[in-house]
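How does the following fold in three dimensions:
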Amino acid sequence: MFDFSELLGTSGAFSEILPSFTPRNAQQTLAGAIGRALFQQDTLVAEAGTGTGKTFAYLIPTLLSGKRILISTGTRTLQDQLYHRDLPVVRQVLGMPAKMALLKGRSNYLCRHRLGVALHHGGGLFNRREQADELGRVSDWANSTRSGEISELGTVPESSPLWPQVTSTVENCLGQECPEYGSCFLLEARRRAQEADIVVINHHLLLADMLLKEEGFGALLPGVDAVIVDEAHQLPDIASQHFSTAFSSHRLHELLRDSRSEYREAAADSSEIVNILEMTESRLGELQQLSSKLEARTEWQALQSQIAFQSSLHALDTALNTLQQALEILAERSIGLKNCWQRANTLAAQLSQFVEKGQAELYVRWIERFGNGFSLNLTPLDVAGRFQSCMRELGCGWIFLSATLSINGGFEHFRERLGLTNAEELLLGSPFDYEHNALLYLPSDLPDVNTPAYTAAVVQAVLPVIRASGGRAFLLFTSHRALREAADMVRNQFEFPLLIQGEAPRRRLLERFRELGNAVLLGTASFWEGVDVKGPALSMVMIDRLPFASPGDPIIKARLTALEHAGRKPFMDYQLPQAVLALKQGVGRLIRDDTDRGVMMLCDPRVTRRGYGKLFLESLPPMRRTRSLEDVQDFLAEILPVNPKHVTQ
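Prediction:
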């Protein structure tokens with residue numbers, strides 16, 4: 001084993017080579033624990049507070065181990081940061097020639113075959129000239145790109161409706177029968193990954209590979225010595241998504257579109273399928289219209305008595321089965337039609353699970369509405385058993401890391417959700433000086449959170465703090481409704497630039513926030529984690545409520561009911577732990593560096609009035625607490641720059 005205290009110490013290679021490197025005892029401890037787990041192929045669950053340097057703490061033993069290791073991160077942005085910035089630095093300092101690879105989901109890679117189909121039928125695929133122009137740019141780029149990764153092409157927005165036309169899904173991929181199989185960008189990326197010592201992926205791809213959803217390209221996981229899961233707090237919910245069955249209107253629309261295209265190309269003499277396609281599309285449109293009137297998420301039980309919805313669902317089921325039979329007759333005409341028939345089989349089987357009466361135990365059926373579409377979902381209430389089965393089959397080491405895994409010093413909640421009964425544990429607090437650099441403000445005299453005037457009271461309480469901080473604030477809300485209400489109230493209340501989630505892309509809002517230096521940003525869940533703003537540009541973070549998940553959410557409701565039937569306490573065993581972890585993520589936005597200083601304002605009066613409030617407070621970093629606005633104003637006056645940057649809107 002390597003001596004990480006020497007390597008990462010004041011006279012170690014990283015201190016000598018990297019001017020910005022700061023030795024930390026917690027980082028050395030974490031690196032040692034990860035090194036042992038890698039060597040012994042054990043399971044380790046570790047929380048490393050903000051500023052520990054956990055990225056280097058796992059990359060260094062990873063490179064030194066000489067083993068084949070998969071690193072999974074929460075987002076594609078973190079993947080790119082790891083692969084393009086952090087790994088090259090560590091490899092250079094260590095002088096290790098390890099072979100590395102970056103692999104993303106198939107929707108990130110251009111599909112040459114589907115590009116060819118789009119070019120052939122381009123005039124009939126696009127309603128706007130803009131999309132046809134984008135297709136031309138993609139075609140030109142396809143002749144020069146080596147990776148085929150669509151993020152390379154900055155002239156076509158990520159949100160363009162063109163991309164689904166020229167990338168593949170597991171369903172519409174033709175696999176080895178594809179005429180472009182030998183030059184497939186995704187296949188080449190997976191080959192590089194299978195030959196690499198270190199592969200950087202994301203959690204969605206990890207779960208997909210565990211379930212062998214990427215058939216036709218082989219699996220990454222067999223043969224790896226260990227899997228390192230960074231931002232592991234996200235994994236249970238992502239696992240729940242991947243262990244679910246889902247029938248979506250989007251997938252059926254894609255099947256209908258592709259079936260039309262393939263029919264025109266290979267079976268134009270069989271015109272009877274046109275009526276079947278039109279009938280299926282009509283039935284789908286009827287169900288979409290009925291779904292558009294539902295809440296964003298609705299439990300299936302609430303739809304059982306809706307005669308019109310159930311009738312429309314059965315009509316779509318009949319139409320889809322008719323389409324499946326028609327495609328079976330034409331399947332021999334072309335590879336594309338065969339693929340469409342297979343997809344129709346899959347969709348028909350999935351839809352039948354919602355048409356049939358009864359429901360498998362330990363699963364919940366529900367419908368989600370988004371835009372003009374919908375998704376029918378069959379979701380497991382518990383993923384621990386299935387996740388453990390996958391872990392046992394792989395037989396490698398597992399390391400789960402995050403800044404937010406523990407609740408009041410314990411990992412029981414996280415371990416239970418993934419079934420991690422035998423795992424080493426390590427809890428390392430942040431090295432940042434929260435006691436002197438941060439102040440936790442718990443305002444008094446706020447009304448109950450359920451009163452109609454609550455958000456207005458929060459706004460009135462935060463306005464003097466915003467003025468005292470000179471802007472430089474995140475105002476984080478637990479609902480879009482509260483955000484919109486607060487946004488209307490704070491407009492024209494101060495001279496500082498106001499940035500509101502939804503009025504610009506998230507990335508652009510953060511760029512503007514950093515550039516302006518005195519802005520106030522209002523956001524919801526997407527700004528609670530994965531946001532890193534260092535320096536005085538962010539000197540105050542406000543959270544309006546304790547982040548309890550809505551008990552009306554179909555999945556949450558079903559989980560709570562299952563816990564109650566099992567003789568457990570749903571609030572204490574699920575709702576409360578989940579809210580504590582979510583709050584820790586939000587609080588983690590404030591202090592991101594040794595020199596950062598600021599105020600954390602937690603408005604929810606339940607944190608001081610309810611007995612469970614103590615659990616929230618004890619799970620947070622050790623900040624000084626106050627209920628006095630004057631204390632907050634004095635603290636901010638002390639920490640703010642003498643000549644603060646000031647930019648008006």
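
for the helix or strand Q241 falls within, packing partners?
In this structure, Q241 sits in helix 235-242 according to DSSP states H and E. Using 3 or more Cβ pairs under 8 Å, 6 or more residues apart in numbering; DSSP states H and E as the contact test, the elements touching helix 235-242 are helix 203-210, strand 373-380, helix 412-418. C-beta coordinates here come from the backbone N, C-alpha and C atoms, glycine included.

Can you give the distance from whatever helix or strand P88 lives in to the centre of its chain?
Taking DSSP H and E as the definition, one finds P88 inside helix 87-94. Offset of helix 87-94 from its chain centre (Cα atoms, centre = their mean, to the nearest Å): 27 Å.

Output it in CSV, but only the C-alpha positions, please.
Extracted in CSV, the C-alpha atoms of helix 87-94 (Å, rounded to 0.1, in the frame of the first residue of the first chain):
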residue,chain,number,x,y,z
LEU,A,87,-7.6,12.8,-14.5
PRO,A,88,-4.9,14.3,-16.8
VAL,A,89,-3.6,16.4,-13.9
VAL,A,90,-3.3,13.4,-11.5
ARG,A,91,-1.8,11.2,-14.2
GLN,A,92,0.8,13.8,-15.0
VAL,A,93,1.8,14.3,-11.4
LEU,A,94,2.0,10.5,-10.8
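
Need the residues that contact whatever helix or strand comes next after it.
Note on helix 87-94: by DSSP H and E, the next helix or strand toward the C-terminus is strand 100-102. For strand 100-102, contacts defined as Cβ atoms under 8 Å, 6 or more residues apart in numbering pick out 79-80, 83-84, 87, 91, 189, 192-193, 195-200.

and the gap between H204 and E618?
33 Å (Cβ to Cβ, to the nearest Å).

In terms of neighbours, single out the busier of these two.
H204 (18 against 12; other Cβ atoms under 10 Å).

Hmm, that one is touching H242, no?
Yes: H204 is within contact range of H242, at 7.3 Å (criterion: Cβ atoms under 8 Å).

about what we covered before: in helices only, show me the contacts of strand 100-102.
For the contacts of strand 100-102, the ones inside helices are Q79, D80, L87, R91, A189, R192, A193, E195, with DSSP state H as the criterion.

Taking those residues, please make a PyMOL selection of just the buried ones.
The PyMOL selection below is limited to those of these classed as buried (16 or more other Cβ atoms under 10 Å):
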select buried, resi 79+87+91+189+192+193
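
Quick check: pLDDT value at the residue nearest to S430 when sequence neighbours are not counted.
Using Cβ to Cβ, 6 or more residues apart in numbering and skipping residues adjacent in sequence, the residue nearest S430 is G49, 3.0 Å away. We have a pLDDT of 93 for G49.

G49: how many residues sit nearby?
When neighbours are defined as other Cβ under 10 Å, G49 has 21 of them.

which ones are touching it?
Shown in contact with G49 (Cβ under 8 Å, 6+ apart): A26, A403, L428, G429, S430, P431, F432, P621.

swap in V383?
Contacts for V383 (Cβ under 8 Å, 6+ apart) come out as P236, A239, S240, F243, R417, L418.

so which one among those has the lowest pLDDT?
Least confident of the contacts of V383 in the model: F243, at 90.

That residue and F370, how far apart?
Counting by Cβ to Cβ - F243 and F370 are separated by 21 Å.

between these two, who's got more neighbours?
More crowded of F243 and F370, by other Cβ under 10 Å: F243, with 20 against 13.

was I right about that one contacting P380?
Yes: counting by Cβ under 8 Å, F243 touches P380, with 5.1 Å between them.

Identify the contacts common to the two.
R386.

May I ask you to name the longest helix in this structure?
The chain, longest helix under DSSP H: helix 307-330.

That helix packs against which elements?
Counting contacts by 3+ Cβ pairs under 8 Å, 6+ apart, helix 307-330 packs against helix 249-266, helix 272-291, helix 335-355.

R589 is in what secondary structure piece?
Going by DSSP H and E, R589 is not in any helix or strand.

Run a quick neighbour tally on it.
23.

And for S292?
Residues near S292, counting by other Cβ under 10 Å, number 12.

I'd assumed T478 was in a strand, is it?
No: read with DSSP: H, G, I helix; E, B strand; the rest coil, T478 is coil and lies in no strand.

for the ones in helices among the contacts of strand 100-102, which one is nearest Q288?
Looking at these and their distance to Q288, the nearest is Q79, at 34.1 Å (Cβ to Cβ).

Assess the claim that the closest one and K104 are in contact.
Yes: at 6.7 Å, Q79 counts as touching K104 under the criterion of Cβ under 8 Å.

Any chance you could list residues touching both of those two?
Common contacts of Q79 and K104, defined by Cβ under 8 Å, 6+ apart, comprise I201, N202.

re earlier: helices - which of the contacts of G49 land there?
Within the contacts of G49, residues falling in helices by DSSP H are A26.

quick revisit: just the helices and strands packed on helix 235-242: most buried one?
Compared across these, helix 203-210 shows the largest average neighbour count, a mean of 22 (mean count of other Cβ atoms under 10 Å).

Also compute the angle for that helix relative to helix 235-242, please.
Using axes from the mean of the first three to the mean of the last three Cα atoms, to 10 degrees, the direction of helix 203-210 lies 60 degrees away from that of helix 235-242.

coming back round to it: which one among the contacts of V383 gets closest to A308?
For these, the residue nearest A308 by Cβ to Cβ is S240; the value is 30.5 Å.

Excluding residues flanking it in the chain, which one is nearest that closest one?
Counting by Cβ to Cβ, 6+ apart, the residue nearest S240 is V383, at 5.3 Å.

cool, and H480?
Nearest non-adjacent residue to H480, counting by Cβ to Cβ, 6+ apart: T524, 5.7 Å away.

before we move on, what about N339?
Using Cβ to Cβ, 6+ apart, the nearest residue to N339 is L174, at 5.8 Å.

hang on, that neighbour packs against S334?
No: the criterion here is Cβ under 8 Å, and L174 misses it with S334 at 10.2 Å.

Just checking, which helix or strand of the chain averages the lowest pLDDT?
Every helix and strand in the chain was compared by mean pLDDT, DSSP states H and E; the lowest is helix 122-125, with a mean of 59.

tell me the helices in the stretch 501-649 of the chain, going along the chain?
Assigned by DSSP state H, counting those that start in this stretch, the helices in the stretch 501-649 of the chain fall at 506-516, 554-565, 570, 576-587, 606-609, 613-618, 629-639.

Give the buried residues for the fifth one.
Within helix 606-609, the residues scored as buried using 16+ other Cβ under 10 Å are R606, V607, T608.

isn't the second one right up against P443?
No: checked against Cβ under 8 Å, the pair V607 and P443 is beyond contact range at 10.6 Å.

Would you reformat the helices and strands packed on helix 307-330 as CSV and include mean neighbour count?
Formatted as CSV, the helices and strands packed on helix 307-330 follow (neighbours: other Cβ atoms under 10 Å):
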stretch, mean neighbour count
helix 249-266, 19
helix 272-291, 17
helix 335-355, 19
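
how about JSON lines for those, with distance to L38 added?
Converted to JSON lines, the helices and strands packed on helix 307-330 look like this (distance: least, Cβ to Cβ, whole Å):
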{"stretch": "helix 249-266", "distance to L38": "40"}
{"stretch": "helix 272-291", "distance to L38": "48"}
{"stretch": "helix 335-355", "distance to L38": "39"}
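
I'd like those helices as TSV, with mean pLDDT and distance to E495 appended.
TSV is the format used below for the helices and strands packed on helix 307-330 (pLDDT from 0 to 100; distance: least, Cβ to Cβ, whole Å):
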stretch	mean pLDDT	distance to E495
helix 249-266	91	45
helix 272-291	95	45
helix 335-355	94	54
